[in-house]
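*Asks:* here is a sequence with its predicted model. Questions after.
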Amino acid sequence: MTTTDQRDIELTIAGMTCASCANRVERKLNKLEGVTASVNYATEKARVLFPSTLTPEDLVRTVEQAGYAATLPQQHHSGAPGAAGEDATRSLRDRLVISAALTFPVVAMAMVPALQFDYWQWLSLTLASPVVVWGAAPFHRAAWTNVRHGTSTMDTLVSLGTLAAYAWSIYALFWGTAGTPGMTHGFELTVLTGDGPGDGSGNIYLEAAAGVTTFLLAGRYFEVRSKRRAGAALEALLELGAKDVGILEEAPGGAPHGAHERRIPADQLAPGMRFVVRPGEKVATDGVVEEGTSAVDASMLTGESVPVEVGPGHPVVGATVNSGGVLVVRATRVGADTQLAQMARLVEEAQSGKAEVQRLADRVSGVFVPAVIGLAVATMGFWLGTGHGPATAFTAAVAVLIIACPCALGLATPTALLVGTGRAAQLGIIIKGPEVLESTRRVDTVVLDKTGTVTTGSMSLRDVIPATDESEETVLRLAGALEDASEHPVGRAVAEAARRRFGHAAPVSGFRNLEGLGVEGAVTWHGVPHAVVAGRPQLLADRSLTLPPELLGAVEEGRAAGGTVVAVAWDGRARGLVVVGDRVKDTSAEAVRRFRELGLHPVLLTGDHETVARVVGEEVGIDEVVADVMPADKVRVVAELQERGRVVAMVGDGVNDAAALVRADLGLAMGTGTDVAIEASDLTLVRGDLRIAADAIRLSRRTLATIKGNLVWAFAYNVAALPVAAAGLLTPMLAGAAMALSSVFVVTNSLRLRRFQPWTGQR
């Protein structure tokens, strides 16, 4: 089956309560022929790649057969964003509040013998019953669903433990001696081991049944709240866009100045429409300014605090805010094609992915619950076999069931990813997937493309040097006309300079781009066609077009000053030079210093002449410079570094960087660059400040460290707690509290990433 037969969809999954649930849904979907699914417990989403022989409804039915609910994108995107999540949180909160109010007196009476009046045990039963039956209903329902499908999850452990404690208490009250008026018992932090070989019918565990339920409800409630907070950055990103927009419509007959404004919902905009952006309004979609000048504040989208000046011909991005005058913008990209929508899509995809470390946790949690049930049975057998009573054996077994819930294990990676990628989006950093985090930890070398990355990429004309008997006007006019069809920054600078000085460019035929070398074609001037070549001096030398002595010296002078030299020849003879220059970004030197602080070795990579590259390298503090590199050879340079044992990050912005970005261990694309470069990268930096590349690596490493810290805690907690519970050193109620707190700890530890701050100028 070819990849063209595949479709991609994202389902919202309801009813999952732990990592084992997500594992089960994922296995069920992946059993379908040709289906590749990844289910994320924290985001409650399933990303599914499926063949055309299946329909989305088939996927939904498969999820339902596993005992869960699934909704298609069009179903769960309708209505108010987050409304369903708010309802679920409110319902859980109400259940928690009522259960806590009923549980408090039950626990108090069990803990304080002075409160144990003649019939206190019957009041405890009255108060605990609604908690165990109604309060714990979500756990019981999920456990029953699991039983019907022959599986087990965290809810199985909780339901078994609470119902067992409650059932034992019923037995002791009605058929044992616990219902006797005046019965009292003390409260212990550990399992009572002095009950001897009797039947233990004088012990009740209502405080454990109610307390465990309430603790777990509290843990579940705070977990859900924290998960919603963790995903708040993405929700905020999706909400950034303008809701309505004023479009300009031409009056009938096309009368001059007859355009009138009409407001429409922003989602009805189409490419080519002209719309008005007044001071203080959001730009409705990506477009190009046609009229007016202003400053645009892009801080909410890129994290850049300084507004950018724009005027006719400048591109603007949807969701940015107009800070100054009135702008008239022509829409170029709308809906899912806008930069905001692409950012949101990339962030959501990253949040729904899984790092390799989480896949290990998933495999463990898949067999964990059955193993724990086996351990609980073995614990009961051990206590009974060593001569202790059934009450002691039973209590230890219940504690094992409750302490072992693998909730923290399932939350360890997804919550950190949610918070880390969300915070990155706020700072203008788009992390494309969790596997990227692994790469940032290992990187030791950063390769920086020069033009547009270290420098502004905005080339401007510095000088025109004609050969003897030629004029500056002729050299610039013919070179500018030929370069007018070029996309290279150097060519654009020459063409723009010629247009400003001479107006419209002369017609060109037979244009040909010689990748990495220059351009050639026939320029018709004063009715006479001239065969023109413009590019590197090496291009002319390869064609036996020798530069005269006066131009050879000018080439070296231009390069020594940091300029890029374009040699121009026509009609079989070298006629002149055009020197253009680029300016190093003000922040590049600081960015290089930050890379070094992160333990990264910087390398400058450029197609420019080595003299020019060395000037730039010295200015920003880079010693290793690789110059005169053809676009196709950038991949080779990265590969050579990797062969020398380096783990390479590549930062670039152009089409000619795309292959190198893919080849590098970590690709970072400047968001000011081309779509091809952005698509090829692992990290996208929304603004053109190189310092944010260092922040991106720092935040990625911090997120990975948080994930690993969460997993270490989750594994260590379960490994350490199970023997403690089996040894009778924990009561079921304390086990429930510890389990709930472990999940809350993992989520709150992840939330610390929200406080991540980019580096400031002072260190």
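*Replies:* Perfect, thanks for sending it.
*Asks:* what lies in contact with stretch 575-583?
*Replies:* 450-451, 455-467, 470, 472, 474-476, 479, 489-490, 493-494, 497, 534, 551, 554-555, 558, 561-569 (C-beta atoms under 8 Å, 6 or more residues apart in numbering). (Glycine included, C-beta is placed from N, CA and C.)
*Asks:* just the buried members of those?
*Replies:* 450-451, 455-457, 459, 461-467, 470, 474-476, 479, 489-490, 493-494, 497, 534, 551, 554-555, 558, 562-569 (16 or more other C-beta atoms under 10 Å).
*Asks:* can you point out the buried residues in the longest helix out of those in the chain?
*Replies:* Identified as the longest helix of the chain according to DSSP state H is helix 691-726. Of all the residues in helix 691-726, those buried under the rule 16+ other C-beta under 10 Å are 691-700, 702-704, 706-708, 710-711, 713-715, 717-718, 721-722, 724-726.
*Asks:* how about stretch 583-597?
*Replies:* Buried residues in stretch 583-597 (16+ other C-beta under 10 Å): 584-585, 587-595.
*Asks:* so for that stretch, mean pLDDT?
*Replies:* Summarised as a single mean, pLDDT over stretch 583-597 is 90.
*Asks:* next: stretch 462-480.
*Replies:* Stretch 462-480 shows a mean pLDDT of 88 in the predicted model.
*Asks:* isn't residue 717 up against residue 746?
*Replies:* No - counting by C-beta atoms under 8 Å, residue 717 sits too far from residue 746 to count as a contact (9.1 Å).
*Asks:* shaky segments in the stretch 551-700 of the chain?
*Replies:* For the stretch 551-700 of the chain, applying pLDDT under 70 flags the ranges 631-632, 654-656, 671-681.
*Asks:* what segments of it are helices?
*Replies:* For the stretch 551-700 of the chain, helices defined by DSSP state H, counting those that start in this stretch occupy the ranges 588-597, 610-620, 634-643, 658-663, 675-680, 691-726.
*Asks:* out of those, nearest to residue 106?
*Replies:* Smallest distance to residue 106 across the helices of the stretch 551-700 of the chain (C-beta to C-beta): 21.7 Å, for helix 691-726.
*Asks:* off-centre distance for the closest one?
*Replies:* From the chain centre to the centre of helix 691-726 is a distance of 17 Å (C-alpha atoms, centre = their mean, to the nearest Å).
*Asks:* just the angle for it relative to helix 588-597, thanks.
*Replies:* 30 degrees (axes from the mean of the first three to the mean of the last three C-alpha atoms, to 10 degrees).
*Asks:* could you shift the numbering so residue one becomes 10, and keep it that way?
*Replies:* All set: I'll call the first residue 10, so the last point we hit is now helix 700-735.
*Asks:* in TSV: the buried residues of stretch 592-606, plus distance to residue 216.
*Replies:* Shown next, in TSV, are the buried residues of stretch 592-606 (distance: C-beta to C-beta, whole Å):
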residue	distance to residue 216
593	70
594	66
596	61
597	65
598	65
599	61
600	60
601	63
602	60
603	56
604	58
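*Asks:* what's the distance between the residue lying closest to residue 546 once chain neighbours are set aside and residue 128?
*Replies:* Distances taken as C-beta to C-beta, 6 or more residues apart in numbering place residue 576 nearest to residue 546, at 4.5 Å, with adjacent residues excluded. According to C-beta to C-beta, to the nearest Å, residue 576 and residue 128 sit 104 Å apart.
*Asks:* just residue 751 next, same as before
*Replies:* Distance from residue 751 to residue 128, by C-beta to C-beta: 37 Å.
*Asks:* partners of residue 531 in the sheet?
*Replies:* Counting by DSSP bridges, residue 531 forms beta bridges with residue 518, residue 540.
*Asks:* residues touching it, list them.
*Replies:* Contacts of residue 531 by C-beta under 8 Å, 6+ apart are 517-519, 538-541.
*Asks:* what stretches of the stretch 360-509 of the chain score poorly on pLDDT?
*Replies:* Applying pLDDT under 70 to the stretch 360-509 of the chain flags the ranges 360-375, 414-420, 423, 442-444, 466.
*Asks:* the helices in it, which residues?
*Replies:* 365-394, 399-412, 416-435, 443-451, 481-492, 498-511.
*Asks:* how about those helices in TSV, adding distance to residue 611?
*Replies:* Shown next, in TSV, are the helices of the stretch 360-509 of the chain (distance: least, C-beta to C-beta, whole Å):
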stretch	distance to residue 611
helix 365-394	28
helix 399-412	50
helix 416-435	22
helix 443-451	16
helix 481-492	31
helix 498-511	22
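*Asks:* so which of the ones you listed comes closest to residue 180?
*Replies:* helix 399-412 (10.5 Å).
*Asks:* ok and the closest one relative to helix 700-735, angle-wise?
*Replies:* Helix 399-412 runs at 170 degrees relative to helix 700-735, counting by the same axes, to 10 degrees.
*Asks:* same for helix 399-412, what does it pack against?
*Replies:* helix 163-183, helix 215-239, helix 365-394, helix 700-735, helix 741-760 (3 or more C-beta pairs under 8 Å, 6 or more residues apart in numbering; DSSP states H and E).
*Asks:* for the record, mean pLDDT for the second one?
*Replies:* It refers to helix 215-239. For helix 215-239, mean pLDDT rounds to 73.
*Asks:* what's the answer for stretch 537-549, then?
*Replies:* 89.
*Asks:* on that earlier part again, dump the residue contacts of the residue nearest to residue 546.
*Replies:* With the criterion set at C-beta under 8 Å, 6+ apart, residue 576 makes contact with 543-546, 548-549, 556, 560, 564, 583, 585-586.
*Asks:* can I get the contacts of residue 531 in a markdown table with neighbour count?
*Replies:* Formatted as a markdown table, these follow (neighbours: other C-beta atoms under 10 Å):
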| residue | neighbour count |
| --- | --- |
| 517 | 19 |
| 518 | 9 |
| 519 | 10 |
| 538 | 17 |
| 539 | 19 |
| 540 | 13 |
| 541 | 24 |
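*Asks:* next, format these as CSV and append distance to residue 660.
*Replies:* Formatted as CSV, the contacts of residue 531 follow (distance: C-beta to C-beta, whole Å):
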residue, distance to residue 660
517, 34
518, 38
519, 36
538, 43
539, 40
540, 39
541, 35
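*Asks:* list the buried residues for stretch 379-394?
*Replies:* 381-382, 384-385, 388-389, 391-393.
*Asks:* using PDB, list the CA coordinates for that stretch.
*Replies:* Taking C-alpha atoms only, stretch 379-394 is exported to PDB below (Å, rounded to 0.1, in the frame of the first residue of the first chain):
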ATOM      1  CA  PRO A 379      -2.100  -7.600  36.200                       C
ATOM      2  CA  ALA A 380       1.200  -7.900  37.900                       C
ATOM      3  CA  VAL A 381       0.000  -5.800  40.800                       C
ATOM      4  CA  ILE A 382      -3.200  -7.900  41.200                       C
ATOM      5  CA  GLY A 383      -1.000 -11.000  41.300                       C
ATOM      6  CA  LEU A 384       1.200  -9.300  43.900                       C
ATOM      7  CA  ALA A 385      -1.800  -8.400  46.100                       C
ATOM      8  CA  VAL A 386      -3.000 -12.000  46.000                       C
ATOM      9  CA  ALA A 387       0.500 -13.100  46.900                       C
ATOM     10  CA  THR A 388       0.700 -10.600  49.800                       C
ATOM     11  CA  MET A 389      -2.600 -11.900  51.200                       C
ATOM     12  CA  GLY A 390      -1.300 -15.500  50.900                       C
ATOM     13  CA  PHE A 391       2.000 -14.500  52.600                       C
ATOM     14  CA  TRP A 392       0.300 -12.900  55.600                       C
ATOM     15  CA  LEU A 393      -2.200 -15.800  56.000                       C
ATOM     16  CA  GLY A 394       0.600 -18.300  55.600                       C
END
